[in-house]
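A.B. asks: just to be clear, the model below is a prediction. Sequence and coordinates:
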Amino acid sequence: MTATATLDAIWEALERVADPEIPAVSVVDMGMISEVEVEGGRARVVVLPTFSGCPAIPIIKTDVAAAVRALPNIDDVTIETSFRPPWTTDRITPEGRRKLREFGLSPP
């Protein structure tokens, strides 16, 4: 598997990681994934929490790590959180906005 294929596989895996507070959307739908890097068997993912006191951060980090770690050819996973750039509702994808509406929430 090439680095590009692995990077694509990581993004696909992250699209299946539900936001623990709004399970109808993924962390990718919510725009919470800021960076994904892969080199050899090592992956690094940077998560942008939706707010600094978010109680779901530990769950999100655990779920993201598990999704990436489950992929073939990934031996080590580092999950970081960052508030730079800060998460804003502008990061929610069009698909995420659709899913939020279907869930009964009005996306901004």
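C.D. replies: Nice, I can see it.

A.B. asks: mind listing the helices for the chain?
C.D. replies: For the chain, helices defined by DSSP state H occupy the ranges 3-14, 57-69, 94-103.

A.B. asks: make TSV from those helices and add mean pLDDT to it.
C.D. replies: As requested, the helices of the chain are arranged in TSV below (pLDDT from 0 to 100):
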stretch	mean pLDDT
helix 3-14	88
helix 57-69	97
helix 94-103	96
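
A.B. asks: let me have these in JSON lines, extended by distance to G40 and mean neighbour count.
C.D. replies: For glycine as for every other residue, the C-beta is placed from the backbone atoms N, C-alpha and C. Formatted as JSON lines, the helices of the chain follow (distance: least, CB to CB, whole Å; neighbours: other CB atoms under 10 Å):
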{"stretch": "helix 3-14", "distance to G40": "8", "mean neighbour count": "16"}
{"stretch": "helix 57-69", "distance to G40": "14", "mean neighbour count": "17"}
{"stretch": "helix 94-103", "distance to G40": "31", "mean neighbour count": "15"}
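
A.B. asks: how long is stretch 15-34 end to end?
C.D. replies: Terminal residues of stretch 15-34 lie 13 Å apart, using CA to CA, to the nearest Å.

A.B. asks: actually stretch 38-53, sorry about that
C.D. replies: Distance between the two ends of stretch 38-53: 29 Å, counting by CA to CA.
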